[in-house]
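A.B. asks: build me a model from this:
(2 chains)
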Number of protein chains: 2
Amino acid sequence: MSGGPMSVAQRLIAEHLVDGRTVPGEEIALRVDQTLTQDATGTLVMQELEALGLDRVRTEVSVQYVDHNILQADERNAEDHAFLRSAARRFGLWYSKPGNGVSHPTHMQHFGRPGRTLVGSDSHTCAAGALGMLAIGTGGLDVALAMAGEPLHLTMPQLWGVRLTGTLPPWVSAKDVILELLRRHGVKGGVNRILEYHGPGLGGLSAMDRHVIANMGAELGATASVFPADEAVRDFLRAQGREQDFHRIVADDGAGYDVAEEIDLSALEPLIARPHSPGDVVPVREAAGTPIGQAVIGSSANPGLRDFAVAAAMAAGRQSAPGVSLDINPSSREILQDLTRLGGTFQLIAAGARIHQAGCLGCIGMGQAPASGQHSLRTFPRNFPGRSGTADDSVWLCSPETATASALTGAITDPRDWAAGERMEPPRLDLPARASVNDAMLEAPLPPEQAAEVELVRGANISALPDLDPLPDTVSGPVLLTMGDNVSTDEISPAGARALPYRSNLPKLADFTLTRIDPEYPDRARKAGTHLLVAGENYGQGSSREHAAITPRLLGLRVVLAKSFARIHWQNLANFGVLALEFADPEDHGRISRGDELCLEHLHEQLGADRDSRELVVHNTTTGDDYPVRHRLSPRQRANVLAGGVIPALAGQPSRGQGTSAQGTSRR
Amino acid sequence: MSGGPMSVAQRLIAEHLVDGRTVPGEEIALRVDQTLTQDATGTLVMQELEALGLDRVRTEVSVQYVDHNILQADERNAEDHAFLRSAARRFGLWYSKPGNGVSHPTHMQHFGRPGRTLVGSDSHTCAAGALGMLAIGTGGLDVALAMAGEPLHLTMPQLWGVRLTGTLPPWVSAKDVILELLRRHGVKGGVNRILEYHGPGLGGLSAMDRHVIANMGAELGATASVFPADEAVRDFLRAQGREQDFHRIVADDGAGYDVAEEIDLSALEPLIARPHSPGDVVPVREAAGTPIGQAVIGSSANPGLRDFAVAAAMAAGRQSAPGVSLDINPSSREILQDLTRLGGTFQLIAAGARIHQAGCLGCIGMGQAPASGQHSLRTFPRNFPGRSGTADDSVWLCSPETATASALTGAITDPRDWAAGERMEPPRLDLPARASVNDAMLEAPLPPEQAAEVELVRGANISALPDLDPLPDTVSGPVLLTMGDNVSTDEISPAGARALPYRSNLPKLADFTLTRIDPEYPDRARKAGTHLLVAGENYGQGSSREHAAITPRLLGLRVVLAKSFARIHWQNLANFGVLALEFADPEDHGRISRGDELCLEHLHEQLGADRDSRELVVHNTTTGDDYPVRHRLSPRQRANVLAGGVIPALAGQPSRGQGTSAQGTSRR
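C.D. replies: Next comes the predicted model:
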């Protein structure tokens, strides 16, 4: 990769590579400059820091955000917040108070820097690619290790160059760009790839527009999305009062990509993802006229001032339709400050909008659940079934322009058609050249001597990390579920107002495991003990939550057989000692029935460090069949799986073998 | 009462009296001009309208608000909203959309009219007394009957004249006036009384200040609170663009009161109610220095633009303390519009406040729960234990000035001391002479011919009303709980984020009955069937929810023995066929143990219409003791209790015997 002309992604990787070869499919290790955690994953990360014996984070910047569990139905959320604040003070992190905003735009505004790597325990961490960063969502343990100074291990992805030409037409915006990619390639289209955007079309996209596009790279299954750090990024940092953090990074002339793609922005039209997949995208006009009960604007997938300002301009002097709830979820309090300064907040309130506190809210099923079967339009990144909090939901994903036009008419409406009917020109948004910068809700890390004296504030709902036993040499047990394709981590370990408060309480959270697929699974698993699961393609897509690996493991899961796995969940399974195996013949998926007894033998030999073959055989004791399967684990990962997970693996080592990190820490 | 000089309350009663004598303690019946319902009680009211066979409301104005269940953790809330909207359209009510605001200030702004009676299925309905109305909170069935054209039956209260003199000092506001009354008289001080405020001190109190005072008359246990309709009311209606609705009503010279009281406003200081009772009031300085984790401004107990504007003026250019969440709950979107117009919203956001959607929110335990043991200051009306959603909560009630000063310092702070430290003069609030009037979120009643065609939209969570059987002649069963004084309806049928979504689903809601006192009660009651409860004084204080009568009844409750009852709950028990009896000797309360078997015989004879005596005897089969008890039921109520409740009583009559109402309706 060195020597020739480099793309932005290649340069970012080269500058952070500490181990491995940059050959797609091989494991590489990258130095991590920054981390972010949010509250729904962060309580576990902070407990992992304790388990790792960390005294103080070793990154350039690590930030703990509180943006998920902010409805506070009972004491558990507020106790998590107090715990996270104390942990941030203890370990040297920044702490972002509840109400300050969603991690992704807030991080971009205050901490994002071109050329840096960022690892976050949230799948939409990739949004920071908008600033010319290499930003990757992972499970919490990978973030904890990064804070401890360990490199991030990942499978070297292919580079996918997306060349943008032309200019977006009126009433078409950044969301429609990423929806177009999802329309073309679906939710697996980006697996094991980094998207790199380039070309003359970039000139018309602000840094926040690029955030919208990079954010939903997660929905393509991509490892990361990367934009160059060009004048748009300089403008953004200048508006934030941080021009000194700008550092120009653009692709060298002649840089090549493993896969090439082109989008003519001028040819795009308003698009919408139908229930229940971000990959099921059609033109808005194909769905026009469908009556709606709700439209929600906000989330990290449309977080910019522009996104709210365009909605305000459209709604000004008009009213949300009867029977429609128009909900505004400010992405940060600074953006709400600016929207208020511009008069947009007033216009939205007057138009009947419900203005909510800044945070994730309905995007992660924390309130705002629609009625069963009622169509809800959202500018969010995901519409997996039930993620809204309503089992029988009907959620569509679209741009703020489409959501607003539809809220005003009461039915799904192409904003171009709405504008024609209203004789409205595309609004000129006079956005301020300087953003409101207000960091008073960001608490800076304490100096080390003060930090050392901080006691963790541990409420009754915060469980200890479980002990994890090594993988037995023979795994034998029943298949408790056989699942289809694209099962998301929302289905494995639900978010939402009922389950999320237990994110710090693993034994309680385990009661919710896979209940959207089978309400009886937790009980059956507790009875069965050691068991296996069978799944289709892209198993574990969506959110980065490592709870989706830990809670089934607590219930006895040792092996998942699938046609393929989503990246983050696959890594989380390895981190927590669950063996992820792929069918050599995908047809074998259909030959296994729920309840079949499966057996794998000699696992310690077959997963040994010196073993070259990735092939194993699963025996079905019920039918007598044998299924060839394979794993994609690196030798490092195999050792972790055999030990029962990363934490027991580290606990079993006198030193961690990574010279960069183990000094000066003690394990508890 | 006629003939001599009349007070405002006397005039309002005289003008609406349709039955009875206005002698304190006797049952009277009043014509009802207006009703309000909110969503947490309204779904049941709409089902009762169905059960009554109503075609269209017969009141001057009836409004269905949605302000309680607006977090929407799952589909049930949104389905309730859809049901309520369809019922409002069907029965000829106004419908206030979620996000439009809290019922009490919104009703005052759009519908309140001097001289009218208002009955509402919310205990704080009394707030409308600020406009010279007779406004009374009742159980939902009484509101349903009022909509059907029936008069409201109530026990004629004593009149309690509160003469105000002087002027409020700087940093002391309306909330401190009602806290002073609660300091003097506690939570039972107003039982069976109407408070009427008069005197020269009124001149300094705006209509919204009076709303603050009238609202928390509920916490004194009062039947109603009444202010004159004077120039302050004219100013308010003028600001709302409704000066034509003004109608001057002041007390005649020489009007007398049954009880007299005086408050010198000039002598008041900032007060605060300590956990866990609105009646446990002390000067703020006595509690100063206690560290807090939360301060919340809003609710029907401090709903005015002024209340938010003073907080904004204090917070402007400052920051909420680290570790403190400053929460702003706008009481209506019109007030939020005005606050935004004045710049107050911007100031609050910049100071770190979390701006929430307009509604009740944490006031009814719908989110905003503090951490266990963390001190939370709220401008709300109630701090009963656990009402916040946190079992081990520590909630204090105070003015916006005290809440804001404390949020800025991080500890309970007298605003006068804060102002001295900040060298801040009391802010001059330039409130607009004309309020934002925006009724676009209020849907007007449909014309009758259209209304008749509306189908009710009934989600899966909306249960049917239960069948209620007549009171047996002999009630014999165990005492399942013996309780102390002041048990609130929050403890009998909790609000909060977990229980409230089941307010339309009585069998599910029953699982929460009295669980704050004994988590096993629902199970034990289901096993025992017919049973009794024993309580101390003021049983059933607080919210008007009739669920607190219905769900124990569904679990087998037939008789409550108490030292005394709170007004609304007592009426609800009678409405749903539970016999409420008071100990003749309060000491007998201590002679009954949980598990004792009690027996009452010959009930049909003893509660018969021609029976004069109110005395009965309860026999304790376990101990052999007899306890003399008495009831306060009118003949009408006795007939209802014997029939099993009002609905079976009406169902058993060929005509309802109230000529004003039964025509043209059919029962289903």
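
A.B. asks: now check stretch A:405-418, is it near chain B?
C.D. replies: No - Stretch A:405-418 lies out of reach of chain B by Cβ under 8 Å from any Cβ of the partner chain, never closer than 11.8 Å. C-betas here are computed from N, CA, C, even on glycine.

A.B. asks: list of residues touching that stretch?
C.D. replies: A:170-171, A:269-270, A:272, A:283-285, A:287-292, A:295, A:314-315, A:318-324, A:326, A:351, A:375, A:377, A:396, A:398-399, A:401-402, A:404, A:419, A:424 (Cβ atoms under 8 Å, 6 or more residues apart in numbering or on different chains).

A.B. asks: how about stretch A:189-199?
C.D. replies: A:7-9, A:24-25, A:155, A:157-165, A:181-182, A:210, A:213, A:217, A:220-228, A:251, A:257-259, A:262, A:279, A:538, A:564, A:566-567.

A.B. asks: now, which of the residues you listed lie within helices?
C.D. replies: Counting by DSSP state H, those place A:8, A:9, A:181, A:182, A:210, A:213, A:567 in helices.

A.B. asks: dump the residues you listed to TSV, plus neighbour count and pLDDT.
C.D. replies: Listed next are the ones in helices among the contacts of stretch A:189-199 as TSV, based on neighbours: other Cβ atoms under 10 Å in any protein chain shown; pLDDT from 0 to 100:
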residue	neighbour count	pLDDT
A:8	28	98
A:9	26	98
A:181	25	98
A:182	24	98
A:210	29	98
A:213	27	98
A:567	26	93
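
A.B. asks: okay if I get those residues as TSV plus distance to chain B?
C.D. replies: Shown next, in TSV, are these (distance: Cβ to the nearest Cβ, whole Å):
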residue	distance to chain B
A:8	36
A:9	37
A:181	31
A:182	26
A:210	26
A:213	28
A:567	30
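
A.B. asks: which residues in the stretch 151-300 of chain A form strands?
C.D. replies: A:152-155, A:158-165, A:193-198, A:224-226, A:259-264, A:271-273, A:281-283, A:294-298 (DSSP state E, counting those that start in this stretch).

A.B. asks: quick one: the closest residue to chain B within the stretch 551-668 of chain A from residue A:141, how far?
C.D. replies: With Cβ to the nearest Cβ as the measure, residue A:551 is the residue of the stretch 551-668 of chain A nearest to chain B, at 20.6 Å. Distance, residue A:551 to residue A:141, by Cβ to Cβ, to the nearest Å: 14 Å.

A.B. asks: next one: residue A:344
C.D. replies: Distance, residue A:344 to residue A:141, using Cβ to Cβ: 41 Å.

A.B. asks: higher neighbour count, these two?
C.D. replies: Set residue A:344 next to residue A:141 and count neighbours by other Cβ atoms under 10 Å in any protein chain shown: residue A:141 wins out with 26 against 23.

A.B. asks: stretch A:495-508 near chain B anywhere?
C.D. replies: Yes - shown here: stretch A:495-508 in contact with chain B (Cβ under 8 Å from any Cβ) through A:496, A:497, A:498.

A.B. asks: out of those residues, flag the one nearest to chain B.
C.D. replies: Nearest to chain B among those: residue A:497, at 3.4 Å, using Cβ to the nearest Cβ.

A.B. asks: helix or strand for the closest one, which one?
C.D. replies: Per DSSP states H and E: residue A:497 is located in helix A:496-499.

A.B. asks: return the helix or strand in chain A with minimum mean pLDDT.
C.D. replies: Every helix and strand of chain A was ranked by mean pLDDT, DSSP states H and E. The lowest is helix A:496-499, at a mean of 80.

A.B. asks: relative to residue A:119, how far out is the residue lying closest to residue A:24 once chain neighbours are set aside?
C.D. replies: Closest residue to residue A:24 apart from its sequence neighbours, by Cβ to Cβ, 6 or more residues apart in numbering or on different chains: residue A:158 at 4.7 Å. For residue A:158, the distance to residue A:119 equals 20 Å [Cβ to Cβ].

A.B. asks: ditto for residue A:41
C.D. replies: Taking Cβ to Cβ, one finds residue A:41 at 12 Å from residue A:119.
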